[in-house]
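Participant: test case, fold it:
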Amino acid sequence: MDNEMKQIYQSVLETVTREIAQGSEPLAVAAVLMTTSLSIYRSVLENDKEYDKMIDTISKLRYDVKSFSGKGITLQ
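Facilitator: Sure thing, here's the model as predicted:
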């Protein structure tokens, strides 16, 4: 992961952790992140083929995703 991505990741992780700690429903937070991500992919990728390729890649890697572990947050 390059330095810019690490900084963005840390910033988003802090926001997510804060939202959940303040009582936001974890699934609602995840839904907002997912919708935002898909909207960015849709806007930035050149065409439907590239977008579909990205979504397929995400789907193929779904079992490689680790459980969330924000600072001091336990999800049930």
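Participant: mind giving me the packing neighbours of the worst-scoring helix or strand of the chain on mean pLDDT?
Facilitator: One helix or strand of the chain scores below all others by mean pLDDT, DSSP states H and E: helix 3-21, with a mean of 93. Applying 3 or more C-beta pairs under 8 Å, 6 or more residues apart in numbering; DSSP states H and E, one finds that helix 3-21 contacts helix 26-44. C-beta here means a position set from N, CA and C on the backbone, and glycine is covered the same way.
Participant: give the next helix or strand downstream of the helix it packs on.
Facilitator: helix 48-60 (DSSP states H and E).
Participant: remind me which residues of the protein are low pLDDT?
Facilitator: 1, 70-74, 76 (pLDDT under 70).
Participant: report the central residue of it.
Facilitator: Centroid check for the chain by C-alpha atoms, centre = their mean gives residue 33 as the closest residue, at 5.2 Å.
Participant: how about the nearest residue to that one, chain neighbours excluded?
Facilitator: Using C-beta to C-beta, 6 or more residues apart in numbering and skipping the chain neighbours, the partner closest in space to residue 33 is residue 16 (7.2 Å).
Participant: wouldn't that neighbour be in contact with residue 29 here?
Facilitator: Yes: with contact defined as C-beta atoms under 8 Å, residue 16 reaches residue 29; the gap is 5.7 Å.
Participant: neighbour-wise, which of the two wins?
Facilitator: residue 16 (19 against 16; other C-beta atoms under 10 Å).
Participant: right, I'll leave it there.
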